[in-house]
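Chemist: Based on what follows, work out the 3D shape:
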Amino acid sequence: MALPEREIELRRLRGAVAAAGAGEGSVTVVTGQLGVGKTALLKEVLRAAEADSGGPRVLAAAASRTEQDFDFGIACQVLEPLVAEADADAADRWFGGTAGAARWLFPGAPGWPGWEPGDHNDVLTTHGLLGLLAAISTERPLAVLVDDLHVADRQSLTWLRHCARRIHDLPCALIVAVREGDPGADRPAIRELWELAKIRIRPANLSEDGVAAVLHATSDARAGDPRGVAACHAASAGNPLYLTEVVRGDHAHRSGPSVLKERLSAQLAVLPPQVGDCARAIAVLGGHAEPWLVEHLTGADSVAVAEAVLALGRLGVLAPRRPPRFAAPVLRTAIEASMTAQEDLRLRVRAATAFHEAGFAAETVAAQLLEVPAPSPSPWMPEELRTAADAATRRGEPETAARYLRRALLDLPPDGPERGWRLVDLALTEAVFDVSAAIRHLTQAIGLLPTPRERAEAVTLLPLSAFLRPEAAVLTGRVTPEDTGGQAGLRLEARIRLTRCDDPALLAAAVGRLRELGPEPPIATLAERELLAVLLHAATLSAGMPAATVAELTDRLLRCAPASSEEFAGTAPLLVISALTAGALGPTASWLESAVGEPVRGRPARPASLIAARGAVLAQTGQLTRARSTAWEAYELIGGNLGEAPESLVMALVAIAVVTRDERLATTVVEHYDEHALARTGLHVRAALLMLRGTVTAVEDPRGALAKFLDCGAALHRAGWRNPALFPWRTWSAWLQRRLGDPGSAGELIDDEIRWARCWGAPGPLGRALRIKASLSSGAEADRIVAESIETSRASGDRLELVRALLAEGALLRDGGKAGAEDRFREAYRLAEGCGAPWLTGRTAEETTGPGTAAGPSAALSEAEGRVVGFALDGLTNGEIAAEINVTRRAVEKHLTNCYRKLGISGRAELAEVFGAWGFGARSSA
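Modeler: Take a look at the predicted model:
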């Protein structure tokens, strides 16, 4: 593998080897800190030299600390492989003269004299080795590579020093690598080699481009992401070994043990004990490693600590900063991983105690206590954790606060009211980012609180929106409104009613309770506003009060609700649902715009809910392009994790996907919820997802889609949710029944839809239902109904529905030979263009080309394309269409792609919109 950003170093090393081949000897020293890549450079030089058969002969060795006591160990590593392969004549030539004094070191060589202990002098042997190297190099130039010279044995170092002194007389390139900061690197022989070196190389750490090259070579997904590359560079400081550890850390389950930890531990083991102690103390102290604190943790004096810091700095473990800190974050991780559990506990407790006694911030103390197992050794520690949690909450970091509170819980007995209230604190903190966990912990807390009043008050502390979750019913099932009174009683009533809104009897009772409050219900207190929001929500679900009344009261409540993301944990989700269902788009849009503009702290779930709600408003007002981009913005804010997303966010995404026909968004949402996940959702989300599943499959599988809509309708009917504006399952079902040749069932459903739409009173759902009713009628009745649909849709502000109604009337006028069809198509085209509805733009563009245009968008298609589209509208798969018209599946796919391009649509789901009003289909006459 190529070494990134090492081209200059490799060129100098290869130059030294080439010069030896020309008879010019030299000494090259490669030095640098741990992990900078010295060994990799020598390996690359060795590989290149061995590949050059006409170049110098390469002799290599690597020193090891475990072999440091073997006399002449490195010399033998360098020369023994070559000597062992020599024949008798070569051995006699090489070992002639002074070289014979070294013959005893090579038992595998011809003419070995045998071991004669005590008869060998180091000085004579050293000169013998020098003579041997000279004799070998006269036959062919040499390149001698020695890695990790700082741990070489003393005798071999002496030999290499003598070689370096005579290097100009030898055709030999002597290349050695030395680690900075190792005690062995300060030996006189190595210092002399440094002085004699013609070439001195000190590789630098990699830049971000170099890091990106390494990531690319290892097929790491972050290689193409500038932010991922920058993060890896920051974590490793560009050191190749540290970078390897960063990459390994992400795949530790399959990457084996940490090389960095092993090498760092081995290095610290040969340094004075206070150096390792100092490194471990700095790892525990983090950004607070002031010298006096390091002294406190290690028990060493200031001089010893200063010397240890200098030693770690020379080794490259510490950066040249004050207070001391590691050169790369991954080093701290490696040091911490090398500590025993007892060492870690002792240092953590000492650090926490020192921070506490010195008056450091509670979070600084708590960061140490998180690593201390329960029970805490000092009584002040749990309180410090709770203080830190308060600070983290104020700073807008609820996850951090929850970590502190969970650790504090471990110091409490398993039962008792104190643990109950601490669980309440934890639940309120978790409600910001993990509602399910909040409900679970609050449920545990209620079982520990002694009085009904305390239990009721604990339930009222959880934000109102949390009670949209089905699991919240467990909470409200353990309390009653009689458990508390006053304002707390109203808040408890609101929560109980919200968790039971899928009971038709209780839903009707909630509407009755709303009527009892009179035309101007009290909203002076938070409790009164929460109760009214829940009662209005019940009236919205059941269509139990006119939309105008709901819109007016919702507007009053929104004026009282602060326009902020924090409010989306309270009444705002319910109010937005009621307002949009009632058609009160203007006030809702203004409130959402103000709330989205507020600064946000903490996790993005609430802002994402706000943004998604704003997208739903944009979709209802026909601003489809903005609605789509807003939906994806909200989805990305939560990291694509719909599992813990608020119900209001999921419902908004579903509404946007349905209205805008965004197939990618619809598929993304649908695929997140399998049958098991769907069963665990509340009725709000379950009904919305069933609607979305039906719309996604309506073209390819109309019967399956109809079943989904009817399942949705059955669930809503059982709950008493009648409002056609919220879940228009009857409209979709009637449209599909008409396509499937069952106009009778379609008529019954659409009549029911119109009745409930008139009962509710909002123009949007009524205009939609009337348009479908007109498609089931004929003659003057159809003309009258579609005209009412247009009038109603104009009043609703739903421009997309108005486009559909205008197209339907235009088709009726054209087919009846009446004037005005072209005007309707032109107006529909203008509105569709403004809405950003490509599937309708393509359709209306065809209709405005003149009175002689063929009926419908099929005029833009070839005969073969029209047949394929017809079969697609009848629900056939690509394979089934291919069999019907006797072509290949690939040909069908090509025809459909051409159709989508001509019509300005993105897929099958939009074909029904383009052709639906004409009843276009290969078998539509059957």
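Chemist: In this structure His895 contacts Ala872, no?
Modeler: No: counting by CB atoms under 8 Å, His895 stays clear of Ala872, with 9.3 Å between them. In short, each C-beta sits where N, CA and C put it, glycine included.
Chemist: Centroid-nearest residue for this protein?
Modeler: Residue closest to the average C-alpha location in the chain (CA atoms, centre = their mean): Gly639, at 5.3 Å.
Chemist: Return the distance of it relative to Ala645.
Modeler: Separation of Gly639 from Ala645 (CB to CB, to the nearest Å) stands at 10 Å.
Chemist: Checking Asp711 next. Helix, strand or coil?
Modeler: Classification of Asp711 by DSSP: H, G, I helix; E, B strand; the rest coil places it in helix.
Chemist: ok, it - how many residues close by?
Modeler: By other CB atoms under 10 Å, 16 other residues sit near Asp711.
Chemist: how about it, what does it touch?
Modeler: Contacts for Asp711 (CB atoms under 8 Å, 6 or more residues apart in numbering) come out as Leu690.
Chemist: State the pLDDT value of it.
Modeler: In this model, Asp711 is scored at 94, pLDDT.
Chemist: again, but for Gln33
Modeler: For Gln33, the pLDDT comes out at 92.
Chemist: Ramachandran coordinates for it?
Modeler: Reported as degrees, to the nearest 10, the phi and psi values for Gln33 are phi -80, psi 170.
Chemist: Would you mind measuring from the closest residue to it other than its chain neighbours to Trp292?
Modeler: With sequence-adjacent residues excluded and distances taken as CB to CB, 6 or more residues apart in numbering, Gln33 is closest to Gly316, at 2.8 Å. Here Gly316 is placed at a distance of 25 Å from Trp292 (CB to CB).
Chemist: if you count what's nearby, which of those two comes out ahead?
Modeler: Remark: of Gly316 and Trp292, Gly316 carries more neighbours, 23 against 12, as counted by other CB under 10 Å.
Chemist: what about Gly477, neighbour count?
Modeler: Using other CB under 10 Å, Gly477 has 12 neighbouring residues.
Chemist: ok, the residue nearest to Phe326 when sequence neighbours are not counted to Val654 distance?
Modeler: Leaving aside its chain neighbours, Phe326 sits nearest to Arg332 (4.8 Å; criterion: CB to CB, 6+ apart). Separation of Arg332 from Val654 (CB to CB): 45 Å.
Chemist: Name the residue in these two with the higher neighbour count.
Modeler: Val654 (26 against 18).
Chemist: what sits against that one?
Modeler: Val669, Ala688, Leu689, Met691, Leu692.
Chemist: just the helices in the stretch 401-550 of the chain please.
Modeler: 417-430, 435-446, 452-461, 473-476, 486-499, 504-516, 526-542, 547-560 (DSSP state H, counting those that start in this stretch).
Chemist: With respect to burial, which of the ones you listed scores highest?
Modeler: Among those, helix 526-542 has the highest mean neighbour count (mean count of other CB atoms under 10 Å), at a mean of 25.
Chemist: Kindly calculate the angle that it makes with helix 486-499.
Modeler: 20 degrees (axes from the mean of the first three to the mean of the last three CA atoms, to 10 degrees).
Chemist: Do you have the strands of the stretch 601-750 of the chain handy? List them.
Modeler: Under the criterion DSSP state E, counting those that start in this stretch, the stretch 601-750 of the chain contains no strands.
Chemist: residue boundaries of the helices in it?
Modeler: Using DSSP H, counting those that start in this stretch, helices in the stretch 601-750 of the chain cover 605-620, 624-637, 647-660, 663-672, 675-679, 683-697, 702-719, 729-739, 743-760.
Chemist: want to throw those into TSV with distance to Ala589?
Modeler: As requested, those are exported to TSV (distance: least, CB to CB, whole Å):
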stretch	distance to Ala589
helix 605-620	5
helix 624-637	12
helix 647-660	13
helix 663-672	21
helix 675-679	31
helix 683-697	21
helix 702-719	27
helix 729-739	24
helix 743-760	21
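Chemist: Please name whichever of those is nearest to Pro188.
Modeler: Closest to Pro188 of the helices of the stretch 601-750 of the chain, according to CB to CB: helix 624-637, at 62.3 Å.
Chemist: Under the pLDDT cut-off, which ranges of the stretch 101-250 of the chain? List them.
Modeler: For the stretch 101-250 of the chain, the stretches flagged by pLDDT under 70 are 115-120, 250.
Chemist: can we see that at 80?
Modeler: Confidence mapping of the stretch 101-250 of the chain against pLDDT under 80 gives the ranges 108-120, 249-250.
Chemist: now the helices: where do they sit in it?
Modeler: Using DSSP H, counting those that start in this stretch, helices in the stretch 101-250 of the chain cover 122-139, 154-165, 188-196, 208-217, 226-236, 240-250.
Chemist: Can I get those in TSV including mean neighbour count?
Modeler: Putting the helices of the stretch 101-250 of the chain into TSV (neighbours: other CB atoms under 10 Å) gives the following:
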stretch	mean neighbour count
helix 122-139	19
helix 154-165	21
helix 188-196	16
helix 208-217	19
helix 226-236	18
helix 240-250	21
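Chemist: separation between Ala608 and Lys894?
Modeler: From Ala608 to Lys894 the distance is 40 Å (CB to CB).
Chemist: Those two - which one has more neighbours?
Modeler: Legend: neighbour count by other CB under 10 Å for Ala608 and Lys894, higher for Ala608 (26 against 15).
Chemist: Touching, that one and Leu637? I think so.
Modeler: Yes: assessed by CB under 8 Å, Ala608 is found in contact with Leu637 at 4.0 Å.
Chemist: right, and the helices of the stretch 401-550 of the chain - which one's nearest Ser207?
Modeler: Comparing these under CB to CB, the one sitting nearest is helix 417-430, at 41.8 Å.
Chemist: For that closest one, give me every contacting residue.
Modeler: Outside helix 417-430, the residues within contact range by CB under 8 Å, 6+ apart are 386, 389, 393, 398, 401-402, 405-406, 408-409, 412-413, 437-439, 441-442, 444-450, 454, 458, 461-462.
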